[in-house]
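Undergrad: Sequence first, then the predicted structure, then my questions.
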Amino acid sequence: MADLPPTRNPEEFKNSTAATLRTLAGRKDLDVTFSAAEPPIGKITSETRPRLPVPAHDMNPQSLRLIRGCADAHALFIAHHDKKLHAATRP
């Protein structure tokens, strides 16, 4: 598979990241938002409204990787987290 050229359009990046998150989570109904106040640590605050950091103005690769990592963390949590199992097995 050929590498695609990186995008320099923040809206295109946000749209493709949101679509990827929805696909990995298996949920088309997710309302993915981007917030300047959101740190790139992948903290899950909502299972129906994932919030991701806004891309840096210069669209640097490190910033984009952190945002994609947060999106993947949200998607995997939404797809696989089991509240009942978590409650039953936590210390």
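TA: All right, it came through fine.

Undergrad: what about the residue nearest to E47 when sequence neighbours are not counted, is that helix, strand or coil?
TA: Spatial nearest neighbour of E47, excluding adjacent residues (Cβ to Cβ, 6 or more residues apart in numbering): I78 at 5.4 Å. C-beta here means a position set from N, CA and C on the backbone, and glycine is covered the same way. Secondary structure for I78, judged by DSSP: H, G, I helix; E, B strand; the rest coil, is helix.

Undergrad: Can you give the contact residues for stretch 68-77?
TA: 17-18, 20-25, 32, 38, 40-42, 44, 47, 50, 52-53 (Cβ atoms under 8 Å, 6 or more residues apart in numbering).

Undergrad: In ChimeraX, select just the buried ones from the residues you listed.
TA: Command for ChimeraX that selects the buried part of the contacts of stretch 68-77, burial taken from 16 or more other Cβ atoms under 10 Å:
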select :17,18,21,22,25,32,38,40,42,50,52,53
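
Undergrad: Restricted to helices, list the contacts of stretch 68-77.
TA: Counting by DSSP state H, the part of those found in helices is T17, A18, T20, L21, R22, T23, L24, A25.
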